[in-house]
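1. predicted structure and sequence below. I'll ask about it afterward.
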Amino acid sequence: MTEIQTLEARRRSILQAVESIRSMRRGTIAEQYLEGKRKGRSLPTRRGPYYVLARWENGKTVSQRLRTPEALAEARQDVANHEHFVALCKDYEQATEALGVLERQGAASDEALKKGLKSRSKPRRN
C-alpha cells in the first residue's frame, strides 16, 4: 500500500468515526458550591456541589445547571464526544495536508521525469 493510499484510508476512517458521533455539546462542566446562612447558625454553611455546563456563545457565557445525575452523565459524555470530534478534525486536517503535499510532489516529479526524458533524447535524422 502506497503512502497516498494509506492517507486516503486514514481520512475515510476519520470520517466514519465522525459519522458515528450521535450527540455532542461544547463547553466544560464545573462544580459550584453555594454558601448561605441557616436558621439558628451563625456561620455560613456550604451547599453543593451543583454541576453546571458552561460554554462561550456570541460573546457571552451561557450556563446550564445539570439537575439530575442522568443529565450530568449525558453532559459529560457529550462534552467528551465534542473533544473527540475536535481531535478527529485536527487529524483529518493533517492527513489531508500530507496527502496534498504527496500528490503535488508526485505530480512535480512526474513532470520533471517527462522533461528530463525529452531533453535527453535527440531528434532523429533521416
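-> Great, that's in hand. Numbering: from 1, shown residues only.

2. could you give the average pLDDT over the longest helix anywhere in the chain?
-> Scanning the chain for the longest helix, with DSSP state H as the assignment, gives helix 69-120. Taken as a whole, helix 69-120 has a mean pLDDT of 86.

3. same question for stretch 47-58.
-> 95.

4. what residues sit buried inside that stretch?
-> For stretch 47-58, the neighbour count (16 or more other Cβ atoms under 10 Å) marks 51-53 as buried. Quick note: C-beta positions are derived from backbone N, CA and C, even for glycine.

5. a markdown table for those residues, including secondary structure?
-> Putting those into a markdown table (DSSP: H, G, I helix; E, B strand; the rest coil) gives the following:
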| residue | secondary structure |
| --- | --- |
| 51 | strand |
| 52 | strand |
| 53 | strand |
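
6. where's the residue nearest the centre of the chain relative to residue 61, distance?
-> Nearest residue to the geometric centre of the chain (Cα atoms, centre = their mean): residue 86, 1.2 Å. Using Cβ to Cβ, to the nearest Å, residue 86 is found at 19 Å from residue 61.
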